[in-house]
Structure formats: structure tokens, C-alpha cells
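Student: Mind looking at a prediction? Sequence and model below.
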Amino acid sequence: MRTWLITGCSSGMGAGIAKAVLAKGEQAVITARSAEKMKEICDKYPETALGIALDVCSQESIDAAFDAAVAKFGKIDVLVNNAGYGYRSSVEEGDKEAVYELFETNTFGPVELIKKVLPGMRERRSGAIINITSIAAVRSAVGSGYYAASKAALEYISEGLYKEVSPLGIKVMIVEPGAFRTSFYKENNLKGSEHKISDYAETAWTRDPKLGSHKINQLGDPDAIGNVLIELLDREDTPQRYVMGSDAYKAVSGALKNRIIEVEKYKDYSFRTDFKEGEGSTLNI
């Protein structure tokens, strides 16, 4: 029986994954900033679910949660880094402290959790790490530069990790979701800069969370995620990247196609910077 450690389980994707895992008869350590928010799930699965308060920005909290998980179930077989939030601001308007906090939550906290579970996984030569990033990691948008950067950072750390631990029997899967019907878009969860520059009124400002224009009508169903992730993880050919949602498929495939078009368009310029054998160096050293 596998034991999963899942972050961001107070609602939405994390809760959906936890419910699917527990329904399959596996064990789950479900975490959120407040343990009370996970009580309903834990009460339904008292033997196989453990709810723990976890602040991914606190090393002390990470250490305590990991120790409690191992004390209860003995080991962690699957880590799901799901906790995170959005931030809307133009690059120029971004608040330094808020951006640091964003990266602590979306990037550095997940990395510290990865470091906690890897020694055991390496010893057993088995395990899996699932990092939830975003389609924003593939293509950013106005007002989302900082959020996209935090998710892209986790994505490329995950890609390097994949190459490092795959030979050790450990799986790494990057999940790039589109829009799901979660609390992500609620004003109190979707943060933004208080500093405003009027030149961005027609770009970054149009995505300001305070406008209250975000309707909960997204295509993605958070309760459908868990079973799909379990199925992909159980495949021998688990994907390195999984694009989650039909809207995500369209956005990611379109962005990658456009990138290839641009690369090919300027191919001649790319080749012009190569050193030409026999002509000698043009550098003055």
C-alpha cells in the first residue's frame, strides 16, 4: 500500500486528489495551512488518512509534517506538490516582498519537501514526485509574469530532477493544468499588487483580481484529477509532462507550435554566431 503526501488539500485539486487516493484504498497524508479544513476527509477515512497543518514557507513546519507522516505510516511513496496561489501584476508594478513570498510558496517550499522525501526514496529505489505547475509555465500572459516565473522555475527544477533520479527508480511527473473550478480565482486567494501605473490599465489591470470578474465556470473538474494521476503514475511509461485539461492542451500545443515557428524563422541568425573554422578568432584577448 502506497502512502501519499499531498499539499494544498483544503479544497480544489488537492482535496480531489486526496479523495481519489483514499477511495483506492491507499494511505494519504493530507496537508493545508489549517488542519480543520481537512476534517471531513479524515473522518471518512480514519485509518488511512492523516490531516496535518503545513505551511510550505516554513522549514520547521515542513520538518514537523514529514516527521508526523513517517511516524504514522512509516514512509512516503508519492509526494504531490500542489499548494500554491496566483499573483497578478505587471512586472514593473510587482511588490518585492509579495513576489518573494510567491516564490517561497510556489517554488522553494516544494523543493524543500522534495529534499525531505528523496533520501527514503533513494534508499528504497522507488517512489514518485508529482509537481503541479501551470500552463503559465509554458506561456505567460499580461499581469502573470511573476506567477508564470514561479511555476516555470518549479517546472525546470523538476526536469533536472527527472534526469537525476530516474536511474534510481524514482518517477517525476510535471502536471500542467489549465483552468479548474477551484478557489484559485477568488479575490482572497488570487493576490495582486497595490501599486498601480496607469500605462498598464489596458493590459495588466484588466486581470486585476479586485475587478471580481472571475466566474467559477472553468472547464476543469478538480474531482476528476486524482484517478487520472493514479492511472498515469501506474503506467510504465509515466509521462515527464502531463498537460491537464482540454483548454491546457490547446494553450500548450499552440504556444509550442508558435515557438517552433519563431525558431525556424530566425534559424539563419542562429547559425551566424557559430565560430567559422579557419578564419581565426575575432576576439581581441
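Tutor: Now that the structure is in, tell me what you want to look at.
Student: Not counting its own residues, what contacts stretch 30-50?
Tutor: Under the contact criterion C-beta atoms under 8 Å, 6 or more residues apart in numbering, stretch 30-50 has outside partners 5-11, 14-15, 18-19, 22, 25-29, 51-55, 65, 68-69, 72-73, 83. For the C-beta atoms, the positions are set from N, CA and C on the backbone; glycine is no exception.
Student: can you rerun that using 7 Å?
Tutor: With contacts defined as C-beta atoms under 7 Å, 6 or more residues apart in numbering, stretch 30-50 is touched by 6-10, 15, 18-19, 22, 27-29, 51-55, 65, 69, 72.
Student: So what's the gap between that stretch and the chain middle?
Tutor: 22 Å (C-alpha atoms, centre = their mean, to the nearest Å).
Student: out of the contacts of stretch 30-50, which are buried?
Tutor: 6-10, 15, 18-19, 22, 27-29, 51-55, 65, 69 (16 or more other C-beta atoms under 10 Å).
Student: Let's see which of these end up in strands.
Tutor: 6, 27-29, 51-53 (DSSP state E).
Student: Need the single longest strand in this protein, by residues.
Tutor: strand 170-177.
Student: From the contact counts, what lies against that strand?
Tutor: Counting by 3 or more C-beta pairs under 7 Å, 6 or more residues apart in numbering; DSSP states H and E, the packing neighbours recorded for strand 170-177 are strand 127-132, helix 145-165, helix 225-234, strand 241-244, helix 246-265.
Student: got a markdown table for those, with mean neighbour count too?
Tutor: Below are the helices and strands packed on strand 170-177 laid out as a markdown table (neighbours: other C-beta atoms under 10 Å):
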| stretch | mean neighbour count |
| --- | --- |
| strand 127-132 | 25 |
| helix 145-165 | 19 |
| helix 225-234 | 18 |
| strand 241-244 | 20 |
| helix 246-265 | 13 |
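Student: Tell me which of these lies nearest to E104.
Tutor: Closest to E104 of these, according to C-beta to C-beta: helix 145-165, at 9.2 Å.
Student: Dump the closest one to CSV, restricted to CA.
Tutor: Output of helix 145-165 as CSV, limited to C-alpha atoms (Å, rounded to 0.1, in the frame of the first residue of the first chain):
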residue,chain,number,x,y,z
GLY,A,145,4.8,37.3,-15.3
TYR,A,146,5.7,36.6,-11.7
TYR,A,147,3.3,33.8,-11.3
ALA,A,148,4.5,32.2,-14.5
ALA,A,149,8.1,32.5,-13.5
SER,A,150,7.4,30.8,-10.1
LYS,A,151,5.8,27.9,-11.9
ALA,A,152,8.4,27.7,-14.7
ALA,A,153,11.1,27.6,-12.1
LEU,A,154,9.5,24.6,-10.4
GLU,A,155,9.0,23.0,-13.8
TYR,A,156,12.6,23.2,-14.9
ILE,A,157,13.8,22.1,-11.5
SER,A,158,11.5,19.1,-11.9
GLU,A,159,13.0,18.5,-15.4
GLY,A,160,16.5,18.4,-14.0
LEU,A,161,15.3,16.2,-11.1
TYR,A,162,13.7,13.8,-13.5
LYS,A,163,17.1,13.2,-15.2
GLU,A,164,18.8,12.8,-11.9
VAL,A,165,16.5,10.3,-10.1
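Student: what is the orientation angle of it with strand 170-177?
Tutor: Angle of helix 145-165 versus strand 170-177, following axes from the mean of the first three to the mean of the last three C-alpha atoms, to 10 degrees, is 160 degrees.
Student: For helix 145-165, give me every contacting residue.
Tutor: Against helix 145-165 from outside (C-beta under 7 Å, 6+ apart): 86-87, 89, 91, 94, 99, 102-103, 106-107, 110-111, 114, 131, 133-134, 136-137, 140, 172, 174, 240.
Student: In ChimeraX, how would I select just the buried ones from the residues you listed?
Tutor: Typed into ChimeraX, the line below selects the buried ones among those, using 16+ other C-beta under 10 Å:
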select :86,87,89,94,99,102,103,106,107,110,111,114,131,133,134,136,137,140,172,174
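Student: Next step: the contacts of helix 145-165 restricted to strands.
Tutor: Short answer: those in strands (DSSP E) are 87, 131, 172, 174.
Student: just to revisit the earlier point, I'd like to know which of the ones in strands among the buried ones among the contacts of stretch 30-50 is nearest to S246.
Tutor: I6 (24.2 Å).
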